[in-house]
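**Q** What follows is a predicted protein model with its sequence.
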Amino acid sequence: MALLMLSNLHPDTTEDEVREFLTRYGFPAFDHAEQQEGDGTRPSMTLTFNALDLPELYKLQPRIHGVFWNGHKINALILRERYQ
């Protein structure tokens, strides 16, 4: 399982738009998406990929980090798993 946080998204960006964007850059479909609350200036979304491991995600991440999409320069950060 791997986690990817996309930040600096356009405020109206939907999960379907993110799925389409990532597919265009060779990513597999994510299994879960979670909108991150904030002050609204740089909306973000955390994506869970159950079929990917971290080395695979590290290979894909540079494809989208810094890409100008939907009026914003996207930041793509790989996160560690959350243990509760």
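**A** That came through fine. Residues are numbered from 1 along each chain as shown.
**Q** what stretches of this structure score poorly on pLDDT?
**A** The chain contains residues with pLDDT under 70 at 81-84.
**Q** the strands in it, which residues?
**A** 2-7, 32-36, 44-49, 68-69, 72-73, 75-79 (DSSP state E).
**Q** how about a markdown table for those, with distance to residue 17 and mean neighbour count added?
**A** C-beta: built from backbone N, CA, C; applies to glycine. A markdown table is the format used below for these (distance: least, C-beta to C-beta, whole Å; neighbours: other C-beta atoms under 10 Å):
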| stretch | distance to residue 17 | mean neighbour count |
| --- | --- | --- |
| strand 2-7 | 11 | 20 |
| strand 32-36 | 11 | 13 |
| strand 44-49 | 10 | 19 |
| strand 68-69 | 9 | 13 |
| strand 72-73 | 12 | 13 |
| strand 75-79 | 15 | 16 |
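**Q** Serialize the ones you listed to a markdown table and add fields for distance to residue 59.
**A** Formatted as a markdown table, the strands of the chain follow (distance: least, C-beta to C-beta, whole Å):
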| stretch | distance to residue 59 |
| --- | --- |
| strand 2-7 | 11 |
| strand 32-36 | 21 |
| strand 44-49 | 13 |
| strand 68-69 | 20 |
| strand 72-73 | 21 |
| strand 75-79 | 11 |
